[in-house]
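**Q** Predicted structure and sequence below. I'll ask about it afterward.
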Amino acid sequence: MAEVRQRITAQNKDKGQVKVPLPPSSKAEGNEPSKPKLDKRDLEKKINKAQNLGLLRLLLSIAGLGAVLWFGYKTVVPLFSSESPSDLASKTTAKIPGKSKFGKLLPDELPSANGGLRLKADVEKRDAIKEAFEWSWHAYENYGWGADEFSPLSQSGSNLTSAGGVGYTIVDSLDALLILDLIPEYERARDWCRDVLSFEKDATFNTFETTIRILGGLLSTHYLTSVHSSPAIQNDAPLFLDLAVDLGERLLGAFSSPSGIPWSGINLATRDGIPDRDNQGVASLAEAASLQLELKYLSHLTGDYVYWKKAEKVSELIRGQAIHDGIAPIFISPQNGQFVISEIRLGSRGDSYYEYLLKQWLQTNRQEPVYRDMYDEAMGGIKKHLIGQTKLSGLIFTQELHPARHPRDQQQTWQIVPKQDHLVCFLGGSFILGVTEGGRKEVVWTQLDDRDMEDLVIGKGIIESCMKTHETATGLAPEIAMFVQWSDEQRADKEDWYIKPNVNGVLIDGRNILRPETVESLFLAYRSTGDQKYREWGWKVFQAFQKYCRVPTGGYAGIEDVQTVPPKQLDRMETFWLAETLKYLYLLFDDSDHIPLDKHVFNTEAHVLPVFTPEYISPFATS
């Protein structure tokens, strides 16, 4: 390219002063006869001819350079670029007219002035969802009681390890049993916890899953029993707190790493933290930074702030690093507390870190501003780097940044991948929750500031794109959807998203395993805005579950391919089907006074924790 620039410069300098042969001097040496002088008209013709040739060469050079640049753009960008993630994302993100690149909602698209206030129950639909819960729970009781997990097709249960069960399904479902007012079922589950449940298991359990499902379930049940209208159920509250303290003390061993970043595994009997051998000992961002709601509430209940400080140290380590605009790689080292070069994404291994930033601030009655600051910075980074938009319908979606090497000079760069896990669908509701602060902030929808308006636009947009992925043969969304970038000329004018085909007969992306994230966002959006469409969408999702996932002998099963009718069912009913998916659907159709958002937060497994004013606030929390 430098050679081309030099050639163009030289040609520009020669314009108007083309060299022609000079006439011989009158003192010419020798006896050579003098050459005739050029006629003025001939001279002008030669000059014009030379100028035209120079101009032609310049145009050809520019055309050639343009062709090279265009070829490079179409074959290299956006797959590889040496530019920053924000520069790269800006080239693959559609621009909508308006105050921001994501536009502004029209007046008829804004929530009503009374959105989120005193919403009445749809009793018929709520009761249909309650029946689905009972169908699921009673199948587990009949065929898998006491086991960690349930297989509805083979009508059997199994445990996470050979050391025995730790109440994965039972404890994960306790608060749902209370919320759905299934008291006899709750009492049988309580008796099992009192008489059978033990955490003295010499085996490795996942620190994160154990915390969000079991510790979260025990703490939520302790809270809901303590405020229950029945004195008999209130008397159960100490049982669940005792179990939570026992488990919490065992989980502390996971924080024994040199940096304080928790190990991914924990031996509940020996209380030793266990590195993740599948990922060279590193921990994921979500695993390390989605334990805070549970451990801080445990400290608040007991007055022992060792749990709080262990959890807060993780947030402090993350904040102390120079992460780009608040978004971070998905792997972090427990050895030194530093991030490892890895993907930046909002799906698996990253998702709940961003969820817990806002919820930590809400949980402690907005008394720890550092988490709101971290949340706002992270949402700004997400909007800047990780949001894309389709050409065909203008759908807003999330994308990933993968570390890569530029093919020309092998420099470190980022590859944009327009991949959206179903797990990411929590984010739409989270954006809207951040605008309303769970109803604790008075919102005038027509007078939002620019940041809140942009967050509302993106939150609503992500929910819409997640619902678009339900437009399949079964009406159920796939595990992973690929969205279409503008630079994809073959697809951009024809479709917004697609499912990658299976590889060697193994289909992963097209599965649906009863995940809750879309209905979680529908619940939060409906409670925040009062927009009836969120209930309508939720009912469509539930009907698809009813049609294709219900097992005749009891329970519900995931399906192998959302594009095939009838689909093949998978022999597994995930615990989050009871703990999250059906709970969020039930609350979506319940009245808004039941578990109001201004007084509660949901952990990432949908366990209900109360908002409280903390007695302990560290210097970090107000920094």
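**A** That came through, no problem. From a predicted model like this one, the values you see are computed outputs, not experimental measurements.

**Q** May I see the buried residues of stretch 458-472?
**A** The neighbour-count check on stretch 458-472 (16 or more other Cβ atoms under 10 Å) flags 458-470, 472 as buried. Any C-beta I mention is one placed from the backbone N, CA and C, and that applies to glycine too.

**Q** What sits closest to Leu119 if chain neighbours are left out?
**A** Nearest residue to Leu119 in three dimensions, chain neighbours excluded: Ser592, at 3.9 Å (Cβ to Cβ, 6 or more residues apart in numbering).

**Q** Flag the shaky bits of this protein, pLDDT-wise.
**A** Applying pLDDT under 70 to the chain flags the ranges 1-109, 112-117, 322, 505-506.

**Q** please redo it, this time with the cut-off set to 50
**A** For the chain, residues meeting the criterion pLDDT under 50 lie at 1-38, 43, 64-99, 114-116.

**Q** where exactly do the strands run in the stretch 301-450 of the chain?
**A** Ranges of strands within the stretch 301-450 of the chain are 331-332, 339-340, 387-389, 396-398, 400-405, 412-417, 419-421, based on DSSP state E, counting those that start in this stretch.

**Q** Export the ones you listed as JSON lines, with columns for distance to Met379.
**A** Output for the strands of the stretch 301-450 of the chain, formatted as JSON lines (distance: least, Cβ to Cβ, whole Å):
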{"stretch": "strand 331-332", "distance to Met379": "20"}
{"stretch": "strand 339-340", "distance to Met379": "19"}
{"stretch": "strand 387-389", "distance to Met379": "10"}
{"stretch": "strand 396-398", "distance to Met379": "12"}
{"stretch": "strand 400-405", "distance to Met379": "16"}
{"stretch": "strand 412-417", "distance to Met379": "19"}
{"stretch": "strand 419-421", "distance to Met379": "17"}
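
**Q** coming back round to it: reformat the buried residues of stretch 458-472 as JSON lines; add distance to Glu134 and secondary structure.
**A** Compiled in JSON lines, the buried residues of stretch 458-472 are given as follows (distance: Cβ to Cβ, whole Å; DSSP: H, G, I helix; E, B strand; the rest coil):
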{"residue": "Ile458", "distance to Glu134": "37", "secondary structure": "helix"}
{"residue": "Gly459", "distance to Glu134": "33", "secondary structure": "helix"}
{"residue": "Lys460", "distance to Glu134": "33", "secondary structure": "helix"}
{"residue": "Gly461", "distance to Glu134": "36", "secondary structure": "helix"}
{"residue": "Ile462", "distance to Glu134": "32", "secondary structure": "helix"}
{"residue": "Ile463", "distance to Glu134": "28", "secondary structure": "helix"}
{"residue": "Glu464", "distance to Glu134": "32", "secondary structure": "helix"}
{"residue": "Ser465", "distance to Glu134": "33", "secondary structure": "helix"}
{"residue": "Cys466", "distance to Glu134": "27", "secondary structure": "helix"}
{"residue": "Met467", "distance to Glu134": "27", "secondary structure": "helix"}
{"residue": "Lys468", "distance to Glu134": "32", "secondary structure": "helix"}
{"residue": "Thr469", "distance to Glu134": "29", "secondary structure": "coil"}
{"residue": "His470", "distance to Glu134": "25", "secondary structure": "coil"}
{"residue": "Thr472", "distance to Glu134": "28", "secondary structure": "coil"}
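
**Q** hmm, back to that, the residue nearest to Leu119 reaches Asp122, doesn't it?
**A** No - counting by Cβ atoms under 8 Å, Ser592 sits too far from Asp122 to count as a contact (11.9 Å).

**Q** Tally up the residues packed near Leu293, please.
**A** The tally of other residues near Leu293 (other Cβ atoms under 10 Å) stands at 27.

**Q** Please apply the same query to Asp325.
**A** A total of 18 residues lie near Asp325 under the criterion other Cβ under 10 Å.

**Q** Same check on Leu362?
**A** Counted by other Cβ under 10 Å, the residues lying close to Leu362 total 23.

**Q** Spatially, what comes nearest to Phe612 if we skip its sequence neighbours?
**A** Nearest residue to Phe612, sequence neighbours excluded (Cβ to Cβ, 6+ apart): His300, at 5.8 Å.

**Q** just to revisit the earlier point, looking at the strands of the stretch 301-450 of the chain, which is closest to Ile183?
**A** Ile183 lies closest to strand 419-421 among the strands of the stretch 301-450 of the chain, at 36.7 Å (Cβ to Cβ).

**Q** How far away from the center of its chain is that closest one?
**A** In terms of Cα atoms, centre = their mean, to the nearest Å, the gap separating the centre of strand 419-421 from the centre of its chain is 8 Å.

**Q** what does stretch 592-601 give?
**A** Relative to the centre of its chain, stretch 592-601 is centred 23 Å away, using Cα atoms, centre = their mean.

**Q** what sits up against it?
**A** Stretch 592-601 has contacts (Cβ atoms under 8 Å, 6 or more residues apart in numbering) with 116-119, 179, 293, 359, 362-363, 433, 436, 438-440, 524, 527-528, 587, 608-611.

**Q** The nearest residue to Ile508 once chain neighbours are set aside - how many residues pack around it?
**A** Leaving out its chain neighbours, the residue that sits closest to Ile508 by Cβ to Cβ, 6+ apart is Glu479, at 6.5 Å. Look at Glu479: counted by other Cβ under 10 Å, it has 20 neighbours.

**Q** contacting residues for Gln363?
**A** Counting by Cβ under 8 Å, 6+ apart, Gln363 touches 293, 296-297, 601, 609, 611-612.

**Q** Could I get those in CSV, plus columns for secondary structure?
**A** Output for the contacts of Gln363, formatted as CSV (DSSP: H, G, I helix; E, B strand; the rest coil):
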residue, secondary structure
Leu293, helix
Lys296, helix
Tyr297, helix
Val601, strand
Leu609, strand
Val611, coil
Phe612, coil
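
**Q** Could you verify my assumption that Leu295 touches Tyr307?
**A** Yes - with contacts counted by Cβ under 8 Å, Leu295 reaches Tyr307, the gap being 4.0 Å.

**Q** so what sits against both of these two?
**A** Shared contacts of Leu295 and Tyr307 (Cβ under 8 Å, 6+ apart): Gly248.

**Q** hang on, the earlier thing: between the contacts of Gln363, which is nearest Leu110?
**A** Of all the contacts of Gln363, Leu110 sits closest to Val601, with 25.6 Å by Cβ to Cβ.

**Q** do you know how far Gly264 is from Leu346?
**A** You called it Gly, but residue 264 is Ser. Relative to Leu346, Ser264 is positioned 20 Å away (Cβ to Cβ, to the nearest Å).

**Q** Kindly report the same for Leu582.
**A** Distance of Leu582 to Leu346, computed by Cβ to Cβ: 24 Å.

**Q** now the residue lying closest to Ile274 once chain neighbours are set aside: how far from Ala286?
**A** Excluding the flanking residues, the one nearest Ile274 by Cβ to Cβ, 6+ apart is Gly265, at 3.2 Å. Gly265 is 15 Å from Ala286, where distance means Cβ to Cβ.
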